[in-house]
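Participant: Build me a model from this:
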Amino acid sequence: MVLTKSYLRYEASGCFGIVGSLKANVLFVDGKRFGQKNTTRLAVCAALQDIVVWDTRKQEKVCVLKGGKYEITAMAIDGQQNNLAVGYDDGTIKIWSLTDGTSQVTFSGHKSAVSVLQFDYSGGLLASGGRDTDVIVWDIVSETGLYRFNGHKGMVTQCYFLKSKNILITSSKDMFVKMWDLDTQHCFLTLVGHRSEANRMSLLTWAHIVSSIAVSQTGQVLGCLGNDSQLELFRIASEEEINKTLQKRLKKTLKKQRKGDKPQDVQEQTVKRSVDDELVRIFTLKSSARIKAFDLYQQEGGTNIKLLLLLQNNAIEVHEIPMKGSIPKSTLTEFVKRPGHRSDIRTLSLSSDAMCVLSGSQESIKVWNRETRQCIRTMETGYALSSFFVPGDKHVIVGTKEGKIEIFDIAAGCLLETVDAHNGPVWSLSLASDKRGFVSGSGDCCAKFWEFELVTDENYSKSSKRLSIAHVQTLKLKEEVLCVKYSPNQKFLAVSLLDCTVKVFFADTLKFFLSLYGHKLPVMALDISSDSTLIVTGSADKNIKIWGLDFGDCHKSIFGHDDSIMSLQFISNTHYFMSVSKDRTLKYWDADKFEQIMVLQGHQGEVWCLAVSPNGEFVVTGSHDRSLRLWERTDEPLIIEEEREQEREAAYEQTLAQEPEAVIPGESESEAKKAGKKTMESVKAAEQLMEAIELFREETAKMVDYQAALKSNPKAVSHPVNPIL
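Facilitator: Predicted structure coming up:
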């Protein structure tokens, strides 16, 4: 009997570092829904697959609504602010109750991402548009899909219900604006006036493309966001104001005509009503970063406008603009920036007790509390590429793209020293096993060795010394250094070069020992096992190679990921290791059996880095989506065969969803169809229904035979009933 080896499963434990993801819009919500003051307005943002409600004044999370595994692409809130509709990248829509924070309804109708959501004025109907060009109307009360409109040929960009009539207006990237009669379910009008994509419904003309439009609750202010990151505000004039403007224009025109020789019978043409008469420009706002989405709020009878901005650099801002006064000015009143990085996370490190996480990006490094997921320190730096905690966990060392090595004091939150270490990017840092120094690898074809030392610095303290580093040795190579790693026994030093090879040197004498070649593209990451017997390399050629460190022989080459492998690390005291890639996955491997144990999915962008805790209980990953994800080892056993079976089922479900819909005999090619989508649940339900029908036919045939037998033989025995019945 073959014994099946079991492993312990890792699962997602938390996601942090993301303020607002860029695929979805942002919304103002009444603070009373979450126990805040009457005047408080909270910000609802999509944080990848979750929904975060922010108190922008305190920069704190008020509530987090946990979603599925797909990223949020659209949100809408009803007029009474009871329900929040959320559309996902897989085409599903969830209805969240803001009173208790639960989701009881999930709609599946779109084949691809939901691009827009809109409630009607009563909150009973919801219109959704998708990248699949379809528009679906859902009944929130009965929790069903009413009908699907399929007249557009491009992605649907906006939907609006008319307040007075049962009409839905939709716009699309096919340059059409369509009006649908919801009573008869057909399109009765198509506007073909656009020569380019209709991103949002508007009859205005700007010098730049308008990507988003919003109107205040009072209906008096219109906001327009262009692709050039300018947000323009307009006041919607009343009929009385428009008539006054037309009268003034008429008087001016008549005055000019009296002075000239032109006839005075062209009054209608000269005083024709224009869009400029209906919209009065108030203010043009330029933010500190590119604006991706916005929402505006004006209290009934209020004189100020509040603007909620989602910025491209993972931040949100609240601006306030007074309506009174000849020259309006924008005031930045609230913002949320501290809980996230402004750019990609390129380096990660864990403290010795795994209680603190260090993350680095283009503009800063941040120290996080692992348990609370809160940012406890933010320190400005260069473009951070590599980092580690100094023994004692009181300092961190960071290698930057500019070739500098920076030393930071965590308690003081300040930069202690900047060392001009290299003439190229410091791609990698590796702490020595004796904890007395480290090695740095750079794009200047050098690996430099450093030792820790204590120096006197009057600017730091007059009574104590501070940490510093001293350069002791340099290893010059022929190619750029991409990664360096000490073996745990500190006998060897492995160096990855741009020529796709890995050179192994003796750590004490720096004499050449081994050359590991076989990758077709440069090795981006490498690590050595705790017993210093195995070295594993991950390359841009998508392959993982496992080598013996005694003779340099390749034990196994594995096609590990679907894109470049960016980082990998052994779990301490085992031959298991983790790897991350640009394919957005984290994978768990057994280096002895050369098997993939499991795949962990969750990131919505390329995964650049990872860090494994010393005891292997936790794994932290950082991504292009600017989020940090924490993965925790559980006590649940994992059988590889069962895991492969689940992966096959998931792949089958994915192909099933991509299959074209079956053609129903007798169904005409009308503009309105049934709102539904083939899912695994619907397929299983159909199979169960077919089985039930077949069982009914069999039992009916048995009953007919039994009735016929009774006529010839009154003592005939009936057929046994199927056990299912």
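Participant: Please count neighbours and contacts with C-alpha atoms only from this point.
Facilitator: OK.
Participant: thinking residue 582 is in contact with residue 564, fair?
Facilitator: Yes. Assessed by CA atoms under 8 Å, residue 582 is found in contact with residue 564 at 5.6 Å.
Participant: Between those two, which is the more surrounded one?
Facilitator: residue 564 (24 against 21; other CA atoms under 10 Å).
Participant: which residues are in contact with both of residue 582 and residue 564?
Facilitator: Jointly contacting residue 582 and residue 564 under the rule CA atoms under 8 Å, 6 or more residues apart in numbering is no residue at all.
Participant: Report the residue spans of the stretch 301-450 of the chain with pLDDT below the cut-off.
Facilitator: Applying pLDDT under 70 to the stretch 301-450 of the chain flags the ranges 301, 325-326.
Participant: which intervals of the stretch 601-725 of the chain have sub-threshold pLDDT?
Facilitator: 656-680, 725.
Participant: which residues in it form helices?
Facilitator: Remark: helices assigned in the stretch 601-725 of the chain by DSSP state H, counting those that start in this stretch are 640-658, 680-712.
Participant: For residue 312, give me phi and psi.
Facilitator: Per-residue torsions, residue 312: phi -70, psi -20 (degrees, to the nearest 10).
Participant: Would you reformat the helices of the stretch 601-725 of the chain as TSV and include distance to residue 560?
Facilitator: Listed next are these as TSV, based on distance: least, CA to CA, whole Å:
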stretch	distance to residue 560
helix 640-658	15
helix 680-712	29
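Participant: From residue 293, how far off is residue 20?
Facilitator: Residue 20 sits 10 Å away from residue 293, going by CA to CA, to the nearest Å.
Participant: Hmm, I typed the wrong one, I wanted residue 458.
Facilitator: For residue 458 relative to residue 293 (CA to CA), the value is 49 Å.
Participant: likewise residue 13?
Facilitator: Using CA to CA, one obtains 29 Å as the distance from residue 13 to residue 293.
Participant: Could you do residue 89 as well?
Facilitator: Distance of residue 89 to residue 293, given as CA to CA: 18 Å.
Participant: count of residues packed around residue 101?
Facilitator: Using other CA under 10 Å, residue 101 has 16 neighbouring residues.
Participant: hmm, back to that, and the helices of the stretch 601-725 of the chain as CSV, adding distance to residue 285 and mean neighbour count?
Facilitator: CSV is the format used below for the helices of the stretch 601-725 of the chain (distance: least, CA to CA, whole Å; neighbours: other CA atoms under 10 Å):
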stretch, distance to residue 285, mean neighbour count
helix 640-658, 43, 13
helix 680-712, 48, 13
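Participant: So for residue 556, which of those helices sits nearest?
Facilitator: Across the helices of the stretch 601-725 of the chain, residue 556 has its closest neighbour in helix 640-658 (18.8 Å, CA to CA).
Participant: same for the closest one, what does it pack against?
Facilitator: Packing partners of helix 640-658 (3 or more CA pairs under 8 Å, 6 or more residues apart in numbering; DSSP states H and E): strand 595-601, helix 680-712.
Participant: got any residues that touch both of residue 20 and residue 293?
Facilitator: Here residue 20 and residue 293 share the contacting residues residue 310, scored by CA under 8 Å, 6+ apart.
Participant: so where do the strands sit in the stretch 101-250 of the chain?
Facilitator: Counting by DSSP state E, counting those that start in this stretch, the stretch 101-250 of the chain has these strands, from start to end: 102-108, 114-119, 125-130, 135-139, 144-149, 156-161, 167-172, 177-181, 186-191, 210-215, 221-226, 230-236.
Participant: Can I get these in CSV including mean neighbour count, mean pLDDT and distance to residue 698?
Facilitator: Formatted as CSV, the strands of the stretch 101-250 of the chain follow (neighbours: other CA atoms under 10 Å; pLDDT from 0 to 100; distance: least, CA to CA, whole Å):
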stretch, mean neighbour count, mean pLDDT, distance to residue 698
strand 102-108, 15, 89, 35
strand 114-119, 26, 94, 44
strand 125-130, 26, 94, 44
strand 135-139, 23, 94, 39
strand 144-149, 20, 90, 34
strand 156-161, 24, 90, 49
strand 167-172, 22, 91, 49
strand 177-181, 20, 91, 47
strand 186-191, 14, 88, 44
strand 210-215, 20, 68, 60
strand 221-226, 21, 81, 65
strand 230-236, 19, 82, 69
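Participant: Out of these, which is closest to residue 335?
Facilitator: Closest to residue 335 of the strands of the stretch 101-250 of the chain is strand 230-236 (CA to CA; 17.2 Å).
Participant: which residues are in contact with that closest one?
Facilitator: 219-225, 278-287, 291.
Participant: Of residue 13 and residue 293, give the one with the bigger neighbour count.
Facilitator: More neighbours surround residue 293 than the other of residue 13 and residue 293, with 24 against 13 (other CA under 10 Å).
Participant: Which secondary structure elements does whichever strand or helix holds the more buried one sit against?
Facilitator: According to DSSP states H and E, residue 293 maps onto strand 291-297. Applying 3+ CA pairs under 8 Å, 6+ apart, we find strand 291-297 packed against strand 27-30, strand 210-215, strand 221-226, strand 304-311.
Participant: That one - what's its average pLDDT?
Facilitator: The average of the pLDDT scores along strand 291-297 is 89.
Participant: how about the strands of the stretch 101-250 of the chain in TSV, adding distance to residue 452?
Facilitator: TSV is the format used below for the strands of the stretch 101-250 of the chain (distance: least, CA to CA, whole Å):
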stretch	distance to residue 452
strand 102-108	53
strand 114-119	54
strand 125-130	57
strand 135-139	64
strand 144-149	66
strand 156-161	58
strand 167-172	62
strand 177-181	67
strand 186-191	72
strand 210-215	54
strand 221-226	52
strand 230-236	50
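Participant: Cool, thanks, signing off.
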